[in-house]
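K.L.:
Here is the input, now give the coordinates:
(one chain, ligands or ions: 1)
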Amino acid sequence: MRKKIVAGNWKMNKTLDEAVALVSEVSNMIKDEVTSDVQVVLCTPSLYLTTLKPYLEGQTRIALGAQNCHEKASGAYTGEISAPMLKSIGISYVILGHSERRQYFGETNAQLAEKVNIALANGLTPIFCCGESLEQRQNEIHLDFVRTQLTEGLFHLSPEQFANIVIAYEPIWAIGTGLTATSDQAQEMHEILRKHIASHYGAEVADNTTILYGGSANEKNAAELFAQPDVDGGLIGGASLKSREFTTVVKANK
Ligand SMILES: O=C(CO)COP(=O)(O)O
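P.N.:
The predicted structure is shown next:
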């Protein structure tokens with residue numbers, strides 16, 4: 001049985017006081033209202049992770065995650081954060097290859113393969129993002145494009161390593177636009193990705209891989225998206241910045 005996950009990607013939002021308030025509210029709501037075994041991951045700005053950790057003490061259902069890490073362990077990379085640093089503060093998840101990182105920071109599949117390696121070597125679970133642009137979808141090259149992102153970013157891993165990967169399918173045209181993929185579009189891509197994983201690692205590994213959907217997922221559409229057989233949860237941007245809305249999304253992942 002694969003894990004159900006709802007992860008919040010806060011991106012570059014919230015001051016420290018706001019972050020503490022949001023984590024506290026989410027923690028209380030989840031404690032009181034969520035009975036299912038869904039794993040919640042809060043990917044806050046890295047700057048706050050150490051401060052936020054005590055606010056989740058004893059809260060088994062919520063983990064903290066980073067939004068990126070560097071592909072090297074240490075060195076002269078001003079402004080960067082490494083996987084060993086995240087490990088040293090007890091962080092368990094890291095988003096890798098978000099389309100905003102690919103677009104604004106030029107991250108490539110080859111570089112992401114290195115980031116995945118160092119994240120795994122430090123006991124972090126990568127949430128590996130993939131997804132096509134609107135133009136690629138209109139030109140009907142989106143399936144191949146996303147399959148290649150997985151092949152080049154992940155398929156060098158052994159089956160044992162791959163078992164620690166979470167995939168997030170985030171069509172770029174749906175991110176922050178209010179334009180969600182329909183549940184059929186999400187299911188179609190998730191099924192294709194699972195088959196692609198099966199073609200390389202076999203059906204058992206593919207069946208056990210958690211594949212999240214991201215892109216304008218919110219309290220209104222989450223239940224329908226999560227009801228799709230190959231959609232195991234969500235990577236939530238805007239809707240993770242409000243405690244009530246995010247908790248409603250978490251509860252939708254039954
Ligand atoms: O990029 C996303 C999560 O990583 C999705 O963002 P939105 O939910 O704001 O569209």
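K.L.:
ok, and for the helix or strand containing H190, which residues are buried?
P.N.:
Using DSSP states H and E, H190 sits within helix 183-201. Neighbour-count burial for helix 183-201 flags S183, Q185, A186, Q187, M189, H190, I192, L193, R194, H196, I197, Y201 (criterion: 16 or more other CB atoms under 10 Å). From N, CA and C alone the C-beta is placed, and that goes for glycine too.
K.L.:
How about stretch 126-138?
P.N.:
P126, I127, F128, C129, C130, G131, E132, S133, Q136, R137.
K.L.:
For that stretch, give the mean pLDDT please.
P.N.:
For stretch 126-138, mean pLDDT rounds to 96.
K.L.:
Around the nearest residue to M189 once chain neighbours are set aside, how many other residues sit close by?
P.N.:
Spatial nearest neighbour of M189, chain neighbours left out: Y169 (5.4 Å); criterion: CB to CB, 6 or more residues apart in numbering. Neighbour count of Y169, defined by other CB atoms under 10 Å: 27.
K.L.:
contacting residues for Y169?
P.N.:
C129, C130, G131, V146, A186, M189, H190, L193, I211, L212, Y213, G214 (CB atoms under 8 Å, 6 or more residues apart in numbering).
K.L.:
Does the fifth one touch E224 like I think?
P.N.:
Think A186. No. Using CB atoms under 8 Å, A186 is not in contact with E224, being 9.3 Å away.
K.L.:
residues in contact with the residue of the stretch 101-250 of the chain at minimum distance from the ligand?
P.N.:
Across the stretch 101-250 of the chain, no residue is closer to the ligand than G237, which sits at 2.2 Å (CB to the nearest ligand atom). By CB under 8 Å, 6+ apart, the contact list for G237 reads G8, N9, K11, I175, G176, G214, S216.
K.L.:
are any of those residues buried, and which?
P.N.:
G8, N9, K11, I175, G214, S216.
K.L.:
Of these, which are in range of the ligand?
P.N.:
For the ligand, the contacts drawn from those by CB under 6 Å from any ligand atom are N9, I175, G214, S216.
K.L.:
Using CSV, please lay out those together with secondary structure and pLDDT.
P.N.:
Below are these laid out as CSV (DSSP: H, G, I helix; E, B strand; the rest coil; pLDDT from 0 to 100):
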residue, secondary structure, pLDDT
N9, strand, 98
I175, coil, 90
G214, strand, 97
S216, coil, 94
